[in-house]
Every structure is written in structure tokens, then in C-alpha cells.
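[1] no sequence for this one, just the structure:
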Ligand code: LLP
């Protein structure tokens, strides 16, 4: 939120650094992350769940330096692709605490997961059989010696529970593509018993993202513990119970009032988890996979005003569009804004802030009350740390922006602005067209 950041002489400050200096130095659009906010959020999460494994959801923001912070904080990671796995390992995240999730993994991804020694959450029985085949083939080709490697797997259960969030990011509904229905999950585990080198060790679920009303986690935890009981009956020893991520953050003042926090989540689910474990006489570890909560409000997107236009309504055209931050266009998400160089501006006007992309839907904020905006001003877009850069694209042939990390008075570039060669670098003109 905006309260995370200070104002000095009318301009917006991140850590001890004036955003206008950052813009002079690194240009726009620019993602600016305050490391201290991330560290505080991690700390709070750890304190609320002292005995759990926290697997940061890399998809929220997989910049190498961000993943490095997670590694330094001894967090694990939920990865959803070979690329995220590669990055998590590169950042030094402990492989024991990496879970490879995903609903459509390739044989290559499964093979990479096994060879990297990370755990895998299987999304279907088909995926189990693909994994078995991959393990057989890898043995034949000397990928690893027979019996030397075992795959430790979870299954993702889809509990069929609805949550109050944007329908595109609710993942535990009966119509969602993720996971195995509750009534079929025990059978899926039974199938693993056919394979000596595939060991079921955990159960996974993730009911959605940006969850503000956390009550559905209660039912999810009950469901998970109920399944764990059934699995123990068939001889499956569950060592990990993973309730996923999804804890929401406030994007506006209204949400501020009802925003959850890790402590509230802990007091809702821990008693069910602990009672369940006591009843069954088992001691599995609880896993959580927060993404947005840890990084969402740590980051501001700075974008420069190219033009102000008094048309049928007042438009402010900036240099970041849905190529840089897709959330408003994709989910109608609200991101608070300010004019970074006019933080004390009094006279206000209503503007619609639009990007440079050749589509009418390229709107970052509609009808926003801001101090009078002029060409050259810098608009700050808040809460851009989760699913901001990580969902960016080169649409319209636009180079992706730079990212900087601020810690107090220290500023570091953590991703260079792209150049034209990043746009055409992978393209090839066939000789017949030369
Ligand atoms: N675990 C799994 C298996 C997930 O699929 C996700 C997010 C998470 C953890 C982390 O969820 P979080 O704590 O960040 O809510 N692009 C959307 C959000 C998509 C979330 C996808 N899965 C957005 O911008 O709102």
C-alpha cells in the first residue's frame, strides 16, 4: 500500500531514495522494489507459522534477486515450470524445499524435477504414468542408476470449494482445471503403490489467489485431514500437508478493512491441522505457498506521462501499458496510483490512465482523482510486486522495463531494461527470404 512509502519535498520516496532520482538514473517504466518490505512480510509469515515450511510461489515474481532473498531467508519454493525450477535452483533455494506443481507437465519437466531432487505435485493419474515412464527411460539412458532415485510425490486435490475472488484466479472450484476431485483422490494414491520408485509423501491443494475472506481455508484443511486419514488407512504415510497460497492483500481502502493476515490464517487452520494429526497419531509438516502476500505491496511501477488529452474524457497516456502490468486489463484489478512528483498536489482532477498499447482495453486505471497531471510527470502505481513484471510481455514490440531493488539508502539494478536485440534475438529469417 501507499502507506509503505514516504513523501519528501513533495516527491515519493522508497526506502531512503527519491523515486525521481531513480527515474533520472534508470528511466521509465521502472519497477522499484523495497527489500525491507519483503523481509518484514517474510518475518511475519514465519512467526505466524513457526513449524511450517514456507514455499514461496515463484510465479508471483521470479526475478533472480527476489528468489535470492527467499533463499537467504531459508524459504522453499513452489515452482510451476522448468523455467521457474531452473531459477529457484540458480538462486540457491534448498531443493529439499522445492515442490514442482503444475497441471500439464511435460516428460522433460518431470525428468528435470527428478534429476534435480525436488518433490513433485501430480495433477492427474496420467501424469503419474508419464512420471513412471520417464523414470524408466532415465534409468535406461543412465540418467540415474537403477534404484538410486525415488520420486517423492504429492497429488493435488481439488476440494471443490468456492472462494470470493476473481473467477479467473479461483482454482479449487468443481469447474477448475486443477487437481483431482475429492472422491477420486484415494484411488490416485492407490495407483502409486504399483511403482517401487514413486513414493507418495504429501497432499497438496491450492484454492485460489487474492483471498480476502479466508473462511474457505477452514473447510479445505478439514478436507485435507480427512483425506490424510483415508490415506493412512491404505498404508500411505503422509509427511507433508500443503494448503497452498492465496492469502490476499488490500489493493484499496475498502479491502484494507477486511484484509486477512498470516496470524488470522494460522489461528483458523492450525487447530484443525493439529487436532487431525493428534487423532491420527502422525506428525506431518504443514506447507504453505504464499506468493502475493510476500511481495505484492513491496513494489511500485513508475511510468512517465507522454501526453494529457482532454477528449470525451480526460486521458493521461503513460509509457507503461498492459505489456508491463496486465492485471487491470486481465482481471479489472484496481491498483492505487499517485503522481510521484506531486505528492502534495492539492487541486485534483479525474483522469483515466492509459498505456501505449494499440488496444482500447489498455487501461491502467479508470476515473482516478489525481493532482493536475502534466506531460513529463511520473505516475506511481502501487502494489505491483506480485504478478507485475512476471506477467509482462513484448506485445507491440515493446522492450520490457528495468527493475531496481532498494534497501534503505542502497539501490541496485536487478534487471536491465531490454534492448532491441531482446526483441529480435530469437528470431530467424529463413535463407529463402534473404
Ligand atoms: N500455489 C499455487 C499452486 C498457485 O497456483 C499459486 C498461484 C500460488 C501458490 C500463489 O498464490 P498467491 O499466494 O500469490 O495468491 N495472476 C493472478 C494470480 C494468479 C495466481 C496463480 N496461482 C493475479 O495477478 O492476480
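    Thanks, I have it. Please read these numbers as outputs of a predicted model, since none were measured by experiment.
[2] and the top strand by length along the chain, what does it pack onto?
    Counting by DSSP state E, the longest strand found in the chain is strand 299-310. Applying 3 or more CB pairs under 8 Å, 6 or more residues apart in numbering; DSSP states H and E, one finds that strand 299-310 makes contact with helix 19-26, strand 30-34, strand 314-318, strand 378-381. (Each C-beta comes from the backbone N, C-alpha and C, glycine too.)
[3] wait, which of those is closest to residue 128?
    Closest to residue 128 of those, according to CB to CB: strand 30-34, at 38.7 Å.
[4] I'd like the mean pLDDT over that closest one, please.
    Across strand 30-34, the average pLDDT comes to 98.
[5] now do stretch 287-307
    98.
[6] can you give me the end-to-end distance of that stretch?
    48 Å (CA to CA, to the nearest Å).
[7] that one: how far from the chain's middle?
    Here the centre of mass of C-alpha atoms in stretch 287-307, compared against the chain's by CA atoms, centre = their mean, to the nearest Å, lies 10 Å away.
[8] tell me which element residue 269 falls in.
    helix 262-280 (DSSP states H and E).
[9] got it, and residue 349?
    Counting by DSSP H and E, the element that carries residue 349 is strand 348-354.
[10] helices or strands up against the helix holding residue 269?
    helix 35-48, helix 216-233.
[11] nearest to the ligand, out of the ones you listed?
    Nearest to the ligand, of all the helices and strands packed on helix 262-280, is helix 35-48, at 10.6 Å by CB to the nearest ligand atom.
[12] from the chain's centre, how far out does that closest one sit?
    16 Å.
[13] does any bit of it sit next to the ligand?
    No. Judged by CB under 6 Å from any ligand atom, helix 35-48 and the ligand are separated, with a smallest distance of 10.6 Å.
[14] after that helix, next one along is what?
    Proceeding N to C from helix 35-48, the next assigned helix or strand is strand 53-57, under DSSP H and E.
[15] which residues of the protein lie near the ligand?
    Applying CB under 6 Å from any ligand atom, one finds that the chain approaches the ligand through 57, 59-60, 78, 101, 169, 206, 209-210, 244-247, 289-293, 327, 331, 386-387.
[16] those residues in strands, which ones?
    If you go by DSSP E, the residues of the chain next to the ligand have 57, 78 in strands.
[17] show me the beta-bridge partners of the closest residue to the ligand within the stretch 51-200 of the chain.
    Closest residue of the stretch 51-200 of the chain to the ligand, CB to the nearest ligand atom: residue 57 (3.4 Å). Taking DSSP bridges as the rule, residue 57 bridges to residue 78.
[18] can I get the helices and strands packed on strand 299-310 in TSV with distance to residue 423 and mean neighbour count?
    Output for the helices and strands packed on strand 299-310, formatted as TSV (distance: least, CB to CB, whole Å; neighbours: other CB atoms under 10 Å):
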stretch	distance to residue 423	mean neighbour count
helix 19-26	19	17
strand 30-34	19	26
strand 314-318	21	21
strand 378-381	24	26
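[19] which residue is nearest the middle of the chain?
    residue 60 (2.1 Å; CA atoms, centre = their mean).
[20] so what pLDDT did the nearest residue to residue 336 once chain neighbours are set aside get?
    Nearest residue to residue 336, sequence neighbours excluded (CB to CB, 6 or more residues apart in numbering): residue 382, at 4.4 Å. Per-residue confidence (pLDDT) for residue 382: 98.
[21] okay, the angle between the helix holding residue 269 and helix 216-233?
    Taking axes from the mean of the first three to the mean of the last three CA atoms, to 10 degrees, one finds helix 262-280 and helix 216-233 inclined to each other by 20 degrees.
[22] in its sheet, which strands sit next to the longest strand of the chain, and in what direction?
    With DSSP bridges as the test, strand 299-310 pairs up with strand 30-34 (antiparallel), strand 314-318 (antiparallel), strand 378-381 (antiparallel).
[23] could I get those strands in a markdown table, plus columns for distance to residue 189?
    What follows is these, written out as a markdown table (distance: least, CB to CB, whole Å):
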| stretch | distance to residue 189 |
| --- | --- |
| strand 30-34 | 41 |
| strand 314-318 | 51 |
| strand 378-381 | 45 |
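[24] returning to what we had before: just want the angle from the longest strand of the chain to helix 35-48.
    Going by the same axes, to 10 degrees, strand 299-310 makes 130 degrees with helix 35-48.
[25] going by neighbour count, list what's buried in strand 299-310.
    299, 300, 301, 302, 303, 304, 305, 308 (16 or more other CB atoms under 10 Å).
[26] name the nearest residue to the first one, ignoring sequence neighbours.
    Closest residue in space to residue 299, ignoring its immediate chain neighbours: residue 385 at 3.2 Å, by CB to CB, 6+ apart.
[27] and for that neighbour, the neighbour number?
    Residue 385 is flanked by 30 other residues according to other CB atoms under 10 Å.
[28] and what of residue 159?
    The number of residues packed near residue 159 is 24, by other CB under 10 Å.
[29] nearest spatial neighbour of it, skipping sequence neighbours?
    Residue 159 sits nearest to residue 223 (CB to CB, 6+ apart), 4.6 Å away.
[30] so the one you found sits against residue 182, correct?
    Yes. Between residue 223 and residue 182 there is a contact at 6.3 Å, judged by CB atoms under 8 Å.
[31] touching both of those two, which residues are there?
    By CB atoms under 8 Å, 6 or more residues apart in numbering, residue 223 and residue 182 have these common neighbours: 157, 159.
[32] pLDDT weak spots in this protein?
    For the chain, the stretches with pLDDT under 70 are 1-2, 142-148.
[33] so which residues of it form helices?
    For the chain, the helices defined by DSSP state H cover 19-26, 35-48, 64-72, 82-90, 107-116, 125-140, 182-192, 216-233, 253-258, 262-280, 292-295, 327-331, 420-424.
[34] point out the most buried one among these.
    Comparing the helices of the chain by mean neighbour count (mean count of other CB atoms under 10 Å), helix 292-295 ranks first with a mean of 28.
[35] alright, I will stop here.
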